[in-house]
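1. below are the sequence and a predicted model; questions follow.
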Amino acid sequence: MKVLVTHPGRQHSHQAALALERAGMLAGYWAGVPCLPEHGRLVPRGLWRRLVRYAPVPLPLERVRWHPGTPAVRRLGDRLLPRPVAFWMDYLACRRFDRWAARRLARLRPDAVVACEISALSTFEAAKRLGIATLLDAPSLHHRAQDRLHGFAEPARLHRRIALVKDAEIALADHVLTVSELARQSYVEGGVEADGVHSVTLGVDTDLFAPAGEVRRGSAAGVTFLFPGAMVRRKGFDVLLDAFARVRDAVPGARLVVAGPRRDETGRLGSPPPAGVVLLGPLSQADFAVELRSADCLVLPSRNDSFGMAVVEALASGLPVVVSEMVGAKDLVVEGSTGWVVPADDAAALAGRMLACARNRGALSGMRQACCETAARATWPTYHERFAALVRSLLAARHGRAAA
């Protein structure tokens, strides 16, 4: 059984490809992000450095294809165009990649294709004509759940178009693959048959994300909370600022370090930012790992986060976490042992938990071992085994039905 993985960017798609390669099941990995050194030979070095933000992926050259037009269109929108236009550019880049993959599917003829939402419609239509199994990579909650929880930022006309594409992809998918039970449940509630939706928890690089020495390099004056993500409503940034203001009033030495880009909720900060708030901007993975080792507690109060990679990265760094009930990685949180789960969109509840942490900083350090032990059960090799086993079982069941 051979499986093709396609993705207009990267996210965790390369880990799915690695899982299948190690299981002897990978037909190909086609992506918008270059993943092999050979991809840079025909690109000017300066442009290559701006284009590539990810480490190479150890996959055989003959099974990897790169579509350079996808990142070019996306970067053009991000850097040069107004945000509403940039949303359109991103959508068009995904659709262009989808059509590119669909045109090449017949030559490869895998047994199955794993394609990411918004870039799977044409691929799945071609797969159906060829008798190829279709597995939808769904990295987010069902779009109707997202709309209910926090609305949308893109233009309304584009949002309607995206919803139509997503619904068509779901209808064409033999199975939907999500990254958490929270995300899986949102698809079931959205009308997808329960036995057609599957959850595979993502992993963490425990070599990169590891605890600091015995003494953290955090602020000597008070507890340091770390928020990982863009300053947007979906991530609950407005709720966090409200909660931290209450914490800071009670514990003046508390700090909130924000590791992420400025977005829609940035205006709530004011100028200058509130006392105790430190803005780092977007960070590389290596720099984010350093910040995790310098903090006392990670806080992610999202209104919608289908997984939340920063949560398992924090745990691997020995850092306890405070997350909302709408973060998929909450399944890794053992209450009072590796962190806490609080209601979403509730600044008072979040402030109460953060204040308890600020007043008992020593207890946070005492949770380090339990955090690391939890993360050790959620590594990428573990994910590889689970993902390959799931895909193998789905294709075996399909083959059995066809034979019958």
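-> Structure received.
2. mind listing residues that contact stretch 89-109?
-> 4, 6, 8, 27-28, 30, 32, 65, 67, 69-71, 73-74, 76-78, 81, 113, 115, 118-123, 125-127, 130, 132, 154, 158, 161-162, 165 (C-beta atoms under 8 Å, 6 or more residues apart in numbering). Placement of C-beta: from N, CA and C, glycine included.
3. which of those are buried?
-> Using 16 or more other C-beta atoms under 10 Å as the burial test, the contacts of stretch 89-109 include 4, 6, 8, 27-28, 30, 32, 65, 67, 70-71, 73-74, 77, 113, 115, 118-123, 125-127, 132, 154, 158, 161-162, 165 as buried.
4. quickly list the domain ranges of this protein.
-> When the chain is parsed with automatic domain parsing, its domains come out as 3-203+380-403, 224-376.
5. redo those as a markdown table? Include mean pLDDT and distance to Pro211.
-> Formatted as a markdown table, those follow (pLDDT from 0 to 100; distance: least, C-beta to C-beta, whole Å):
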| stretch | mean pLDDT | distance to Pro211 |
| --- | --- | --- |
| domain 3-203+380-403 | 91 | 18 |
| domain 224-376 | 94 | 4 |
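6. highest average neighbour count across those domains?
-> Ranked by mean neighbour count, the domains of the chain are led by domain 224-376 with a mean of 20 (mean count of other C-beta atoms under 10 Å).
7. chain center to that domain: distance?
-> Put simply, domain 224-376 sits 16 Å off its chain's centre (C-alpha atoms, centre = their mean, to the nearest Å).
8. and what of stretch 88-98?
-> Relative to its parent chain, stretch 88-98 has a centroid offset of 19 Å by C-alpha atoms, centre = their mean.
9. ok, now stretch 185-198?
-> Taking C-alpha atoms, centre = their mean, the mean C-alpha location of stretch 185-198 is offset from the chain mean by 20 Å.
10. repeat that for stretch 147-159.
-> Distance of stretch 147-159 from the chain centroid (C-alpha atoms, centre = their mean) equals 19 Å.
11. got the end-to-end distance for that stretch?
-> Start-to-end span of stretch 147-159 (C-alpha to C-alpha, to the nearest Å) is 10 Å.
12. contacts for that stretch?
-> 84, 87-88, 91, 141, 146, 162, 232-234, 264, 303-304, 326, 344.
13. now the strands for this protein?
-> Listed in chain order, the strands of the chain (DSSP state E) span 3-7, 26-31, 64-66, 112-116, 133-137, 175-178, 197-199, 224-228, 255-259, 277-279, 297-300, 321-324, 339-342.
14. which strands and helices lie in contact with the third one?
-> Contact here means 3 or more C-beta pairs under 8 Å, 6 or more residues apart in numbering; DSSP states H and E; on that basis strand 64-66 packs against strand 26-31.
15. still on that earlier bit, next, give me the two most distant ones among the contacts of stretch 147-159.
-> Across the contacts of stretch 147-159, no pair lies farther apart than Trp88 and Ala344, at 29.7 Å, counting by C-beta to C-beta.
16. want to throw the strands of the chain into TSV with distance to Phe244?
-> Formatted as TSV, the strands of the chain follow (distance: least, C-beta to C-beta, whole Å):
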stretch	distance to Phe244
strand 3-7	35
strand 26-31	38
strand 64-66	42
strand 112-116	34
strand 133-137	35
strand 175-178	31
strand 197-199	32
strand 224-228	7
strand 255-259	5
strand 277-279	7
strand 297-300	8
strand 321-324	11
strand 339-342	14
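17. who wins for proximity to Ala375 among those strands?
-> Ala375 lies closest, by C-beta to C-beta, to one member of the strands of the chain: strand 321-324, at 10.8 Å.
18. report the angle between the longest helix along the chain and strand 3-7.
-> Counting residues, the longest helix found in the chain (DSSP state H) is helix 83-108. Relative orientation of helix 83-108 versus strand 3-7 (axes from the mean of the first three to the mean of the last three C-alpha atoms, to 10 degrees): 160 degrees.
19. what about helix 83-108, distance to the chain center?
-> Taking the mean of its C-alpha atoms, helix 83-108 sits 20 Å from the chain's own mean (C-alpha atoms, centre = their mean).
20. one more: stretch 82-100?
-> For stretch 82-100, the separation from the chain centroid amounts to 19 Å (computed by C-alpha atoms, centre = their mean).
21. send me that stretch as CSV with only the CA atoms.
-> Extracted in CSV, the C-alpha atoms of stretch 82-100 (Å, rounded to 0.1, in the frame of the first residue of the first chain):
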residue,chain,number,x,y,z
PRO,A,82,-3.2,44.9,2.3
ARG,A,83,-4.4,42.2,4.6
PRO,A,84,-7.8,41.5,2.9
VAL,A,85,-5.9,41.0,-0.4
ALA,A,86,-3.3,38.8,1.3
PHE,A,87,-6.1,36.5,2.5
TRP,A,88,-7.2,36.1,-1.1
MET,A,89,-3.6,35.5,-2.2
ASP,A,90,-3.2,32.7,0.3
TYR,A,91,-6.4,31.1,-0.8
LEU,A,92,-5.5,31.3,-4.4
ALA,A,93,-2.0,29.8,-3.7
CYS,A,94,-3.7,26.8,-2.0
ARG,A,95,-6.1,26.3,-4.9
ARG,A,96,-3.3,26.6,-7.4
PHE,A,97,-1.2,24.0,-5.5
ASP,A,98,-4.2,21.7,-5.4
ARG,A,99,-4.7,21.8,-9.2
TRP,A,100,-1.0,21.2,-9.7
